[in-house]
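>>> What shape does this take:
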Amino acid sequence: MRTRSAVVLSMIAGAAVGGVAIQGLHAQAKPPVYVVNEVDVTDKAGFQNYAANQETLIKKHGGQYIIRGGKVVATLSGTPPSDRFTIYRFDSQEKMQAWRDDPAQKDGLATRDKVGKFRSFVVEGLPQ
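Below is the predicted model:
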């Protein structure tokens with residue numbers, strides 16, 4: 001009977017330690033980040049090429065589109081984006097920074113400035 005009690009107590013202690021470890025890992029989880037862009041397109045053909053190249057780079061660094069040129073269905077306050085609106089998500093700020101630091105961005109940023117006027121920023125999301 002003593003052996004059985006020792007095994008049961010060991011299992012309970014192991015479960016408790018595992019639970020504490022999982023909570024600690026969740027507490028250390030990095031929040032996702034969202035890149036938000038408001039775009040006034042000035043060269044539609046050039047913008048399509050730019051957007052296709054950006055899609056490749058975003059996916060390369062683990063990003064995913066949440067909104068891509070979404071239609072504004074209602075204005076709750078203020079002025080809605082005038083032309084195009086995109087949001088994409090990266091699992092961490094480090095992945096977003098790797099996307100921004102990619103050598104292919106140099107050409108992309110030069111093209112971006114020729115095809116539209118951008119207002120872009122990065123917002124930290126809630127930890128998952």
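>>> What are the boundaries of the helices in the protein?
Applying DSSP state H to the chain gives helices spanning 2-28, 44-60, 93-101, 105-115.
>>> By mean pLDDT, show me the worst of those.
When the helices of the chain are compared by mean pLDDT, helix 2-28 comes last with a mean of 62.
>>> which residues does I87 bridge with?
On the basis of DSSP bridges, I87 is bridged to V36, I67.
>>> wait, D40
With DSSP bridges as the rule, D40 is bridged to K117.
>>> Next one: it from R112, what distance?
12 Å (C-beta to C-beta, to the nearest Å). Placement of C-beta: from N, CA and C, glycine included.
>>> ok, now G46?
Where R112 is concerned, G46 sits at a distance of 9 Å (C-beta to C-beta).
>>> Looking at those two, which one has more neighbours?
Just comparing G46 and R112: by other C-beta atoms under 10 Å the higher neighbour count belongs to R112, 21 against 15.
>>> Verify the stated contact: the more buried one with S120.
No. Between R112 and S120 there is no contact, the gap being 9.2 Å when judged by C-beta atoms under 8 Å.
>>> domain ranges for this structure?
Using automatic domain parsing, the domains assigned to the chain come out as 1-29, 31-124.
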